[in-house]
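Enquirer: any chance you can model this:
(one chain, ligands or ions: 1)
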Amino acid sequence: MTVFNRVESHRKAEDAVYDKTILAGDGWIHELKPGQVLRIVDLEGNQAADTLFYDADNPEDHYSAIATIARQENIYLTAGTTLLTESGKELLTIVADTCGRHDTLGGACSAQSNTVRYAHDKLHMHNCRDTFMLQLAQSDDERYLKRDLAPNINFFMNVPVTPEGGLTFEDGVSSPGAYVEMTAHIRTIVLISNCPQLNNPCNAYNPTPVRVLIWNE
Ligand SMILES: [Zn+2]
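Expert: As a prediction, this is how the structure comes out:
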């Protein structure tokens, strides 16, 4: 059964302490302090924001799709979901969500997956894995390496699971202005690739910007 759990936020954009637009295909890395609230806005709808989270004090302890799914007994993420690390530590909790459902099974696109899913001549195209690596390489934090590219969340992405247990990539379920908002429990590094995918119906073959806002509480 498909259930979309939509919860609105009371926070106002003008009260945010940080406000940035991540252009289509670009990346973003940022540290959240405990108690800070991060909102990701799908400005034009049906965009996929591929996101990784790390315990900033223990970078090897990163977001775990498996631990998060097992704890909440639901493969989709939405308001009420607490995002856990590999060790079971609580990183963030989703406190508002006007999209209603997010994927954490489909993984991030890469040059390799583009050739497997689409065609060999897609090898050169931009992809989330390369964006993640570029952001880590450009950051001042030398603790993060290629090996730290762990399972991610695809905010706003629609990856329904079939009754047989297969994954399908479908047209998006998000809409212009839809957002997801989460509170950090500990110092957390956020790494976003605003997916540049031109082969996937999730973003209507048209990558668009997303906006990130941060409040202190
Ligand atoms: Zn991607």
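Enquirer: okay, R117 and D103: tell me how far apart.
Expert: Relative to D103, R117 is positioned 15 Å away (C-beta to C-beta, to the nearest Å). Quick note: C-beta positions are derived from backbone N, CA and C, even for glycine.
Enquirer: oh, I was asking about T183
Expert: T183 is 21 Å from D103, by C-beta to C-beta.
Enquirer: more neighbours: which of these two?
Expert: D103 (26 against 18; other C-beta atoms under 10 Å).
Enquirer: list the beta-bridge partners for that one.
Expert: Here D103 sits in beta bridges with N154, going by DSSP bridges.
Enquirer: please name the residues that touch it.
Expert: By C-beta atoms under 8 Å, 6 or more residues apart in numbering, the contact set of D103 is 76-77, 153-154, 157-159.
Enquirer: let me know the helix or strand that E164 is in.
Expert: Counting by DSSP states H and E, no helix or strand carries E164.
Enquirer: any chance you could read off phi and psi for it?
Expert: Per-residue torsions, E164: phi -80, psi 0 (degrees, to the nearest 10).
Enquirer: so how far is the ion from it?
Expert: The spacing between E164 and the ion, counted by C-beta to the ion, to the nearest Å, is 25 Å.
Enquirer: what does A56 give?
Expert: 24 Å.
Enquirer: what is the neighbour count of the residue lying closest to that residue once chain neighbours are set aside?
Expert: Excluding the flanking residues, the one nearest A56 by C-beta to C-beta, 6 or more residues apart in numbering is R187, at 3.8 Å. Neighbourhood size, R187 [other C-beta under 10 Å]: 16.
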